[in-house]
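Enquirer: Quick one, what's the 3D model for this:
(2 chains)
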Number of protein chains: 2
Amino acid sequence: MTGNERRTVTDTGGGGRRRSETTRTAILAAARERFAADGYERATIRAIAKDANIDPSMVMRYYGNKEGLFAAAVSVDLKLPDLSRLPRPEVGEALVLHFLHLWEENEVLTALLRVGVTNQAGAERMQGIFGEQLLPLARQVCPDPEQHPTRAALIATQLLGLALTRYVLRLPPAVALRAEEVVAWLAPTVQRYLTAPNP
Amino acid sequence: MTGNERRTVTDTGGGGRRRSETTRTAILAAARERFAADGYERATIRAIAKDANIDPSMVMRYYGNKEGLFAAAVSVDLKLPDLSRLPRPEVGEALVLHFLHLWEENEVLTALLRVGVTNQAGAERMQGIFGEQLLPLARQVCPDPEQHPTRAALIATQLLGLALTRYVLRLPPAVALRAEEVVAWLAPTVQRYLTAPNP
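Expert: Numbering: from 1, shown residues only, chains lettered A, B, ... in the order given. Next comes the predicted model:
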């Protein structure tokens, strides 16, 4: 083995899979720290590779580009409330309020939405968050298990649509809405999507 | 003037502004044709520049990248129905149906949403379409002029949110919804955003 091979960590040959795992773990740990410290826009593949002591070409080889690396590295906990503990008529309002606060304080979510729209790994990440975090919410409220995926998808159309227009596309009157207005208008929609009988 | 300067069309010196306008017009015309013929993904700056008989570097200078060029070139007519001719209780359903057909037959809209999410020129283009085409819709239905921007923004949160989850992020249960289900669930929402009293 030459010094050069040693420096860039190859994953071919015996023990390659384990070495590859180690490399990926190091890259993801460095990426998480960098994205958290510098934000999505300013974090560079070069800086992340340097932090992980790995050649930038290896980062590109595993994750393709910054979007792919971000989608693989970022962990998103929506910290959704337990709706089963709330009076049924209040779940819509609770969810809209929670979601508004979440987006206003967490720029990672805006970055993830951008990446999800343009990058296959990002879209899969969004699909994963939907399945793991939003779908269980419908389970807490809807009696009919067959309806859970539809109900969760419906609230996603409204809540992600709010995020898209207000925080990403920044349509002026969507930005101008006060939080109380957003809740007053959207809570009945989310409430209906979660709890109304099938139309 | 050298042959090289002649080939790449500079816009400095006397008459520069007019020459620059001519160059931009030629680029945009070529871009519109290419995007329509090849679709957003396959159309390249190089091919568009060749069609327009202009150096690719000039295209980059004016529009930055493919996203910026697309945002400047693409013309979007949502062909929205005249809601003032419909019975008031039917406007929500008409709008959701129109919007569903529009997105299913028009891949330019999906491309524009992707570009709007990642590119400033694309976001401004979406803001323009909102102001020129969606805002007048609220004027046809709401009596209070002060409410028009809010009403239009609210229907944008729901209709763009549907497009985002169903056609771009492709969340499986949003993709699986039949058109009739989408209309049955979303029409009352859009109806309320357009016509319900201020909450």
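Enquirer: Which helix in chain A has the most residues?
Expert: What stands out as the longest helix in chain A, according to DSSP state H, is helix A:16-42.
Enquirer: Average pLDDT for the next helix or strand after that helix, rounded please.
Expert: Remark: after helix A:16-42, the chain's next helix or strand is helix A:45-51, criterion DSSP states H and E. Taken as a whole, helix A:45-51 carries a mean pLDDT of 96.
Enquirer: And stretch A:149-160, by the same measure?
Expert: Stretch A:149-160 comes out with an average pLDDT of 97.
Enquirer: For chain A, name the helix or strand with the lowest mean pLDDT.
Expert: In chain A, no helix or strand scores lower on mean pLDDT, DSSP states H and E than helix A:3-8, which sits at a mean of 40.
Enquirer: so which residue of chain A comes closest to chain B?
Expert: Across chain A, the shortest distance to chain B (C-beta to the nearest C-beta) belongs to A:G161, at 1.7 Å. Quick note: C-beta positions are derived from backbone N, CA and C, even for glycine.
Enquirer: How about the contacts made by that residue?
Expert: For A:G161, the contacting residues are B:A156, B:T157, B:Q158, B:L159, B:L160, B:G161, B:L162, B:L164, B:T165, by C-beta atoms under 8 Å, 6 or more residues apart in numbering or on different chains.
Enquirer: hmm, 10 Å instead?
Expert: The contact partners of A:G161, taken as C-beta atoms under 10 Å, 6 or more residues apart in numbering or on different chains, are A:174, A:186, B:154-165.
Enquirer: Let me know the secondary structure of it.
Expert: Recorded secondary structure, A:G161: helix (DSSP: H, G, I helix; E, B strand; the rest coil).
Enquirer: separation between it and B:W185?
Expert: Using C-beta to C-beta, to the nearest Å, A:G161 is found at 13 Å from B:W185.
Enquirer: overlap in contacts of the two?
Expert: Applying C-beta under 10 Å, 6+ apart, one finds that A:G161 and B:W185 are jointly contacted by B:L162.
Enquirer: Which residue ranges make up each domain of chain A?
Expert: Chain A is divided into the following domains under automatic domain parsing: A:3-73, A:83-195.
Enquirer: winner for burial among these?
Expert: When the domains of chain A are scored by mean count of other C-beta atoms under 10 Å in any protein chain shown, the highest mean neighbour count falls to domain A:83-195 (a mean of 19).
Enquirer: measure it end to end?
Expert: 12 Å (C-alpha to C-alpha, to the nearest Å).
Enquirer: Kindly report the same for stretch A:130-147.
Expert: 15 Å.
Enquirer: and it, does that touch chain B?
Expert: Yes: if you take C-beta under 10 Å from any C-beta of the partner chain as the test, stretch A:130-147 does meet chain B, through A:F130, A:G131, A:L134, A:L135, A:A138, A:Q147.
Enquirer: and those residues as TSV, adding distance to B:A30 and secondary structure?
Expert: Formatted as TSV, the residues of stretch A:130-147 next to chain B follow (distance: C-beta to C-beta, whole Å; DSSP: H, G, I helix; E, B strand; the rest coil):
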residue	distance to B:A30	secondary structure
A:F130	40	helix
A:G131	43	helix
A:L134	43	helix
A:L135	46	helix
A:A138	49	helix
A:Q147	50	helix
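Enquirer: Mind jotting down where the helices sit in chain A?
Expert: Along chain A, the segments classed as helices by DSSP H run A:3-8, A:16-42, A:45-51, A:56-63, A:66-73, A:91-105, A:107-118, A:120-129, A:135-141, A:148-163, A:172-176, A:179-195.
Enquirer: tell me what the longest one is packed against?
Expert: Where contact means 3 or more C-beta pairs under 10 Å, 6 or more residues apart in numbering or on different chains; DSSP states H and E, helix A:16-42 is packed against helix A:45-51, helix A:56-63, helix A:66-73, helix A:107-118.
Enquirer: can you put these in JSON lines and add distance to chain B?
Expert: As requested, the helices and strands packed on helix A:16-42 are exported to JSON lines (distance: least, C-beta to the nearest C-beta, whole Å):
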{"stretch": "helix A:45-51", "distance to chain B": "18"}
{"stretch": "helix A:56-63", "distance to chain B": "18"}
{"stretch": "helix A:66-73", "distance to chain B": "10"}
{"stretch": "helix A:107-118", "distance to chain B": "4"}
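Enquirer: check contacts around the residue nearest to A:R32 when sequence neighbours are not counted.
Expert: Of all residues not flanking A:R32 in the chain, A:A73 sits nearest, at 5.1 Å (C-beta to C-beta, 6 or more residues apart in numbering or on different chains). Shown in contact with A:A73 (C-beta under 10 Å, 6+ apart): A:27-36, A:43, A:48, A:63, A:125.
Enquirer: I'd like these as JSON lines, with distance to B:G116 appended.
Expert: As requested, those are exported to JSON lines (distance: C-beta to C-beta, whole Å):
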{"residue": "A:I27", "distance to B:G116": "31"}
{"residue": "A:L28", "distance to B:G116": "30"}
{"residue": "A:A29", "distance to B:G116": "33"}
{"residue": "A:A30", "distance to B:G116": "31"}
{"residue": "A:A31", "distance to B:G116": "26"}
{"residue": "A:R32", "distance to B:G116": "28"}
{"residue": "A:E33", "distance to B:G116": "31"}
{"residue": "A:R34", "distance to B:G116": "27"}
{"residue": "A:F35", "distance to B:G116": "23"}
{"residue": "A:A36", "distance to B:G116": "27"}
{"residue": "A:A43", "distance to B:G116": "23"}
{"residue": "A:I48", "distance to B:G116": "28"}
{"residue": "A:Y63", "distance to B:G116": "25"}
{"residue": "A:R125", "distance to B:G116": "20"}
